[in-house]
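K.L.:
Sequence plus predicted model, see below.
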Amino acid sequence: MSPISMTIIISSIILGTVITASSQHWLFAWLGLELNTLAMIPMMAKPHHPRAMEATTKYFLTQAMASSVLLFAATTNALHTGLWEIKMLSLPAPTIMMTLALLMKMGSAPFHFWVPEVLQGVHTKMGLIILTWQKLAPMALILSSEEILHQKTLLVSAILSILLGGWGGLNQTQLRKLMAFSSISHVGWMLLTALISPKITIIALVIYITLTTPMFLSMMINTSKTIKDIGLTWNTSPHIATMSMLVLMSLSGMPPLTGFMPKWIILKELANHNLIALATMAATFSVLSLYFYLHLSYTTTMTIPPNTMSMTQKWRFKQNKPIWLPLLLAFTILLLPLSPMFI
């Protein structure tokens with residue numbers, strides 16, 4: 001792909017997200033989402049591999065369906081009220097349809113079916129973009145319309161996401177699918193406080209992006225695609241293997257790492273609003289995702305799988321490491337003491 005084409009595509013992705021996040025009109029929000037989706041298609045289909053084309057098709061069909069439902073809900077509301085503003089969504093049926101459309105955009109349960117399949121078919125860099133940047137626009141719409149969305153639907157989807165995100169990752173051996181189910185689980189934690197405290201949801205989203213990015217960077221550096229590959233990371237780069245283990249434990253929410261902060265703050269906020277049963281269910285279901293995180297951590301640093309390579313000094317070869325990786329790894333481990341400032 002030529003530099004000019006790549007510049008136009010990346011600019012369109014950024015512009016679509018900015019339009020959606022800053023709009024107060026459902027039509028402009030829909031326009032930004034469509035611009036974002038259409039700009040992603042050529043980047044996902046760039047490898048011209050059958051699996052990449054399959055993932056691109058699934059992504060396009062799912063996003064197009066969600067956008068259609070969103071536009072239909074906004075049109076139905078405008079037909080009865082004459083208003084297109086985001087804050088003016090008032091009818092019950094359009095409210096539920098809008099909530100479901102945004103949940104499908106986010107990849108939240110029970111509309112999470114497309115996330116693992118798409119992640120498995122695309123390149124690792126595109127997987128990182130789908131799990132991080134592509135959540136900004138629908139999350140901005142959810143946070144900007146928190147007063148009008150259907151609260152029970154959001155809370156049920158949040159609990160299902162935490163449950164199915166942990167359950168679905170138990171029997172996976174592909175790293176990208178594991179990160180997809182990890183994303184589904186974290187989306188559930190974000191949605192728990194989306195209507196109660198949007199600021200906490202923003203904190204959880206930022207920390208999730210901060211934790212996921214170094215994990216994908218380490219996968220790209222070592223070209224790891226399966227659990228077996230990540231077990232061989234120690235032969236290539238012992239320090240990256242150690243840091244990957246810490247990133248995985250931080251993603252699981254283990255103290256005293258950074259990933260414990262958003263879960264702690266979310267549970268505290270739910271308790272303050274007398275949602276004790278919801279907080280208990282979320283904390284209990286997160287044990288499922290904790291299992292496969294600890295399994296990955298154990299495989300990364302505490303086991304040595306059979307090595308069939310003829311090279312015995314693979315660590316001598318020079319590797320291209322992103323210069324911002326040490327900074328992201330530091331954020332992944334050391335931000336917990338700043339929790340009182342965020343609270």
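P.N.:
The structure has been received and is ready for your questions. Numbering: from 1, shown residues only.
K.L.:
can you pull the contacts of L155?
P.N.:
191-192, 278 (CB atoms under 8 Å, 6 or more residues apart in numbering). For the C-beta atoms, the positions are set from N, CA and C on the backbone; glycine is no exception.
K.L.:
Reduced to three states, what does it come out as?
P.N.:
helix (DSSP: H, G, I helix; E, B strand; the rest coil).
K.L.:
how near is it to A277?
P.N.:
Going from L155 to A277 by CB to CB, to the nearest Å gives 11 Å.
K.L.:
got it, and W167?
P.N.:
20 Å.
K.L.:
Of the two, give the one with the bigger neighbour count.
P.N.:
Neighbour count, other CB atoms under 10 Å: between W167 and A277, W167 has more, with 17 against 9.
K.L.:
Nearest residue to the more buried one in space, please, no chain neighbours.
P.N.:
Take W167 and drop its neighbours on the chain: the residue closest to it by CB to CB, 6 or more residues apart in numbering is L288, 5.4 Å away.
K.L.:
residues near that neighbour, how many?
P.N.:
Other residues close to L288 by other CB under 10 Å number 20.
K.L.:
Now that it has come up, it's in contact with S161, right?
P.N.:
No. Using CB atoms under 8 Å, L288 is not in contact with S161, being 11.8 Å away.
K.L.:
The closest residue in space to L335 that isn't next to it in sequence: what's it in contact with?
P.N.:
Once flanking residues are discounted, L335 sits nearest to T258: 4.0 Å by CB to CB, 6+ apart. Residues in contact with T258 (CB under 8 Å, 6+ apart) are 207, 210-211, 250, 331-336.
K.L.:
cool, H295 as well?
P.N.:
I227.
K.L.:
Torsion angles phi and psi at it?
P.N.:
phi -60, psi -40 (degrees, to the nearest 10).
K.L.:
Would you quantify the distance from it to A282?
P.N.:
Between H295 and A282 the computed distance is 21 Å (CB to CB).
K.L.:
Report the contact partners of M249.
P.N.:
257, 259, 293-294, 297 are the contacts of M249 under CB under 8 Å, 6+ apart.
K.L.:
So which elements touch the helix or strand where M190 lies?
P.N.:
Counting by DSSP states H and E, the element that carries M190 is helix 175-192. With contacts taken as 3 or more CB pairs under 8 Å, 6 or more residues apart in numbering; DSSP states H and E, helix 175-192 sits against helix 92-106, helix 114-121, helix 124-131, helix 151-168, helix 198-221, helix 227-231, helix 260-272, helix 276-301.
K.L.:
Of all those, which one is nearest I184?
P.N.:
helix 151-168 (3.6 Å; CB to CB).
K.L.:
Identify each buried residue in the closest one, please.
P.N.:
Neighbour-count burial for helix 151-168, with 16 or more other CB atoms under 10 Å as criterion, is recorded at 153-155, 157-168.
K.L.:
if we can go back for a sec, who wins for most neighbours among the contacts of L155?
P.N.:
That'd be L192 among the contacts of L155, by other CB under 10 Å, with 29 neighbours.
K.L.:
list the contacts for it?
P.N.:
155, 158, 266, 270, 278, 282.
K.L.:
can you pull the contacts of the third one?
P.N.:
Which is I266. 189, 192-193, 200, 204, 282.
K.L.:
let's go with 6 Å and repeat that
P.N.:
Counting by CB atoms under 6 Å, 6 or more residues apart in numbering, I266 touches 189, 192-193.
K.L.:
Next: the last one.
P.N.:
If a contact means CB under 6 Å, 6+ apart, then A282 has I162 as its contacts.
K.L.:
The residue nearest to W167 and P92, how far apart?
P.N.:
34 Å.
K.L.:
Also K177?
P.N.:
Counting by CB to CB, the gap from K177 to P92 is 37 Å.
K.L.:
what does I265 give?
P.N.:
When I265 is compared with P92 (using CB to CB), they lie 32 Å apart.
K.L.:
One more: I8?
P.N.:
Distance, I8 to P92, using CB to CB: 41 Å.
K.L.:
Kind regards, and thank you for your time.
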